[in-house]
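Q: coordinates for the following, if possible.
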Amino acid sequence: MMLQNALMGIALLGPVSISGFSTPTQRMATPKLSTARFSTVVESPTNGAAMTDASEMPKAWDCDAEAECVEVPVCDEEKCRTTLDVRIQGDWYDLSGWRKAHPAGAHWIDWYDGRDATEVMDAFHSKKGREMYKRLPKSTPENAAVLEAVMGPYSSTELNFRKLRAELEEEGWWERDYVREATLLGIYGSLVVGAVATAESAPPLSTFLLALSMTNAGWLGHDYVHGVDKFTDFMRPFVAIAGGLGFTWWSDKHNKHHALTNEMGVDEDIATDPFLFPYAPDPENDSPFRKIQHYTFLPVFSFLFALWRFDTLKVAVDSVESKRPDAQKELWYLLGHYAVLLTFFPFAVWVPAVFLSGLMSALIVTPTHQSEEYFEEYQPDWVTAQFESTRNAVTTNPFSEWLWGGMQYQLEHHLFPSMPRSKYPSLRPILMKFAEENNIPGGYRESGEFEILYMNWDRYRQVAQADAVPGAPYSRGNGQLGAIDMGSSPGAGGVGLGKLL
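A: Here you go, the predicted model:
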């Protein structure tokens, strides 16, 4: 605890964070979904009556990190998961024994209990990972039949999307352009050198250059954390070293946003109350800040990077304490980042740069989703949901094209997050045709970069002027799978000062 308190002192501000569906059926009756890893090992029985022949005892599964599973005696449901069924490519798998070995954490497996995870599996995993699940045990025929009846068959859109993905993979769309990668890194390096060189002689210029480098580091790190090739594996620490943002925190928060986009109570990117409300809340969850949010959103936006940095440190320390993979290395990367920042830049340069970078980043990341559909319930058709909740920005000049960091192609990125962003412009007409051929509601959505910024502001204005809506979904969930308040996210319980309000 002393270590955690000491590291929190590095952050700019106190406990503040920018972080945001209910399922048709909720299969778990437990009041809280923890990210703790459950054990499938049975404790020695204390009751003599429990000493039955091993062959007669019910069985469960225990799996290692390579998805090699063995049967073990079933354990107490209060201490471990004895059933957790997920559909992948049409087959139901029992992941109760795999969840504790899942490299990204057991919570990811829990969120898909009784659901289909095919598209998420394909989007976030390497070829090796996408083969490993086939070694996992299948669900019992009885469980599979019941769950299949609830989930229903795949839509034609989902099936056509899988064909499209297979075609793109066959054509080599995931091959990386290393000249482009080197160019982007060179631009980042030039900005940092320029910021260092002008830190004493021209502080305002240094602040501007440093802010641009921070935003650029965020987009580069974003590419590397999403990537599934050897280059991105090697570059994964870049976001911590150059941007001060942790890849563990980023993976948990951002990948959840990708998987459950605009799902109220689950997607942390739309859980920004009490300072910003993307939709009218229930009166019990309302705030006086909402009525003026279309006037105050720019100052609030400027806090984004500072708040992400704070959340990063909190998650990094928690990850060390819970012994998550590579957590100690990540913490050292972050400490190294702050050591360099404090060594080469005066306080009057780097602090304003953090806020300026936060403003630029927020103006880019918020408008591509907030003006589109929101979902009160789990959306089984992930592909259609991505089209309905995402709008691209059409940039007008080379500087904007670079500054947006690939986020102007938000739909391409959401559907294919591990694909190198250099491929997105060429992917655009393919997705436009896909939307038309599959009759996607709203089609392929895009607007000019300034129009989409206006749409985002207008959304805040309309919500500010609207009355509170009794029964509106709480931004941090109502107990459904993946609800923010039921996990260990920094966004649980409210955004920053909102926890006190």
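Q: quick one: mean pLDDT over the helix or strand hosting residue 225.
A: For residue 225, the element it lies in under DSSP states H and E is helix 203-226. Across helix 203-226, pLDDT averages out at 96.
Q: tell me what the next helix or strand after it is packed against?
A: Remark: after helix 203-226, the chain's next helix or strand is helix 230-235, criterion DSSP H and E. Counting by 3 or more CB pairs under 8 Å, 6 or more residues apart in numbering; DSSP states H and E, the packing neighbours recorded for helix 230-235 are helix 203-226. Where C-beta positions appear, they are placed from N, C-alpha and C, glycine not excepted.
Q: send me the helix it packs on as PDB with only the CA atoms.
A: Presented in PDB, the C-alpha positions along helix 203-226 are these (Å, rounded to 0.1, in the frame of the first residue of the first chain):
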ATOM      1  CA  PRO A 203       8.900  27.000 -23.500                       C
ATOM      2  CA  PRO A 204       5.600  27.600 -25.400                       C
ATOM      3  CA  LEU A 205       7.000  25.900 -28.500                       C
ATOM      4  CA  SER A 206       8.400  23.100 -26.400                       C
ATOM      5  CA  THR A 207       5.000  22.500 -24.800                       C
ATOM      6  CA  PHE A 208       3.300  22.400 -28.200                       C
ATOM      7  CA  LEU A 209       5.900  19.900 -29.600                       C
ATOM      8  CA  LEU A 210       5.800  17.800 -26.500                       C
ATOM      9  CA  ALA A 211       2.000  17.700 -26.600                       C
ATOM     10  CA  LEU A 212       2.100  16.500 -30.200                       C
ATOM     11  CA  SER A 213       4.700  13.900 -29.300                       C
ATOM     12  CA  MET A 214       2.400  12.600 -26.500                       C
ATOM     13  CA  THR A 215      -0.600  12.300 -28.700                       C
ATOM     14  CA  ASN A 216       1.600  10.700 -31.400                       C
ATOM     15  CA  ALA A 217       3.000   8.200 -28.800                       C
ATOM     16  CA  GLY A 218      -0.600   7.300 -27.900                       C
ATOM     17  CA  TRP A 219      -1.500   6.500 -31.400                       C
ATOM     18  CA  LEU A 220       1.700   4.500 -32.000                       C
ATOM     19  CA  GLY A 221       1.300   2.600 -28.700                       C
ATOM     20  CA  HIS A 222      -2.300   2.000 -29.700                       C
ATOM     21  CA  ASP A 223      -1.100   0.300 -32.900                       C
ATOM     22  CA  TYR A 224       1.400  -1.800 -31.000                       C
ATOM     23  CA  VAL A 225      -1.000  -2.900 -28.200                       C
ATOM     24  CA  HIS A 226      -3.500  -4.000 -30.800                       C
END
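Q: strands along the chain, start to end?
A: 59-63, 69-73, 85-88, 91-94, 392-394, 446-448 (DSSP state E).
Q: how far away is the residue nearest to residue 327 when sequence neighbours are not counted from residue 247?
A: Distances taken as CB to CB, 6 or more residues apart in numbering place residue 319 nearest to residue 327, at 3.7 Å, with adjacent residues excluded. Distance, residue 319 to residue 247, by CB to CB, to the nearest Å: 10 Å.
Q: mind listing the shared neighbours of these two?
A: Overlap of the contact sets of residue 319 and residue 247 (by CB atoms under 8 Å, 6 or more residues apart in numbering) consists of residue 330.
Q: helix or strand with the lowest mean pLDDT in this protein?
A: helix 2-8 (a mean of 41; mean pLDDT, DSSP states H and E).
Q: where does pLDDT dip in the stretch 1-150 of the chain?
A: Applying pLDDT under 70 to the stretch 1-150 of the chain flags residues 1-62, 64-67, 71-82.
Q: now do the same contact list for residue 217.
A: Each residue near residue 217 by CB under 8 Å, 6+ apart is listed here: 188, 238-239, 242-243.
Q: for those residues, which two are the farthest from each other?
A: 188 and 239 (11.7 Å; CB to CB).
Q: which neighbours do those two share?
A: Residues touching both residue 188 and residue 239 (CB under 8 Å, 6+ apart): 217, 220.
Q: ok, the two, which is more surrounded?
A: Using other CB atoms under 10 Å as the criterion, residue 188 and residue 239 rank with residue 239 on top: 28 against 21.
Q: how many neighbouring residues does the closest residue to that one other than its chain neighbours have?
A: Nearest residue to residue 239, sequence neighbours excluded (CB to CB, 6+ apart): residue 221, at 2.5 Å. Residue 221 is flanked by 24 other residues according to other CB under 10 Å.
Q: contacts only, for residue 221.
A: 238-240, 242-243, 245, 247, 250.
Q: same thing but 6 Å
A: With contact taken as CB atoms under 6 Å, 6 or more residues apart in numbering, residue 221 is in contact with 238-239, 243.
Q: before we move on, what about residue 84?
A: 95-96, 113.
Q: from the contacts of residue 221, which single one is nearest residue 268?
A: Residue 268 lies nearest to residue 239 out of those, by CB to CB, at 17.5 Å.
Q: what sits against the closest one?
A: By CB under 6 Å, 6+ apart, the residues touching residue 239 are 221, 245, 247.
Q: quick check: pLDDT value at residue 486.
A: Reported pLDDT for residue 486: 81.
Q: how near is it to residue 270?
A: In terms of CB to CB, residue 486 sits 17 Å off from residue 270.
Q: returning to what we had before: so which of the strands of the chain is nearest residue 378?
A: Nearest of those (CB to CB): strand 85-88, 13.3 Å.
Q: quick check: buried residues in stretch 340-357?
A: With burial defined by 16 or more other CB atoms under 10 Å, the residues of stretch 340-357 counted as buried are 341, 345, 349-350, 352-357.
Q: and it, C-alpha only, in CSV?
A: The C-alpha trace of stretch 340-357 is given here as CSV (Å, rounded to 0.1, in the frame of the first residue of the first chain):
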residue,chain,number,x,y,z
VAL,A,340,13.0,11.1,-18.5
LEU,A,341,10.1,13.6,-18.4
LEU,A,342,11.1,15.1,-15.1
THR,A,343,14.8,15.2,-16.1
PHE,A,344,14.5,17.0,-19.5
PHE,A,345,11.4,19.2,-19.1
PRO,A,346,10.5,21.9,-16.6
PHE,A,347,7.3,21.6,-14.8
ALA,A,348,6.0,24.6,-16.7
VAL,A,349,6.5,22.7,-20.0
TRP,A,350,5.4,19.2,-19.4
VAL,A,351,2.3,19.8,-17.3
PRO,A,352,0.6,22.1,-19.9
ALA,A,353,1.7,19.6,-22.5
VAL,A,354,-0.2,16.8,-20.8
PHE,A,355,-3.4,18.9,-20.8
LEU,A,356,-3.0,20.1,-24.4
SER,A,357,-2.3,16.5,-25.5
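Q: return the distance of that stretch from the chain's centre.
A: Centre-to-centre, stretch 340-357 and its host chain are 27 Å apart (CA atoms, centre = their mean, to the nearest Å).
Q: give the ChimeraX command for selecting the buried subset of the contacts of residue 84.
A: The buried subset of the contacts of residue 84, as determined by 16+ other CB under 10 Å, is captured in ChimeraX by this line:
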select :95,96,113
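Q: could you dump the contacts of residue 84 to a markdown table with distance to residue 88?
A: Shown next, in a markdown table, are the contacts of residue 84 (distance: CB to CB, whole Å):
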| residue | distance to residue 88 |
| --- | --- |
| 95 | 9 |
| 96 | 15 |
| 113 | 13 |
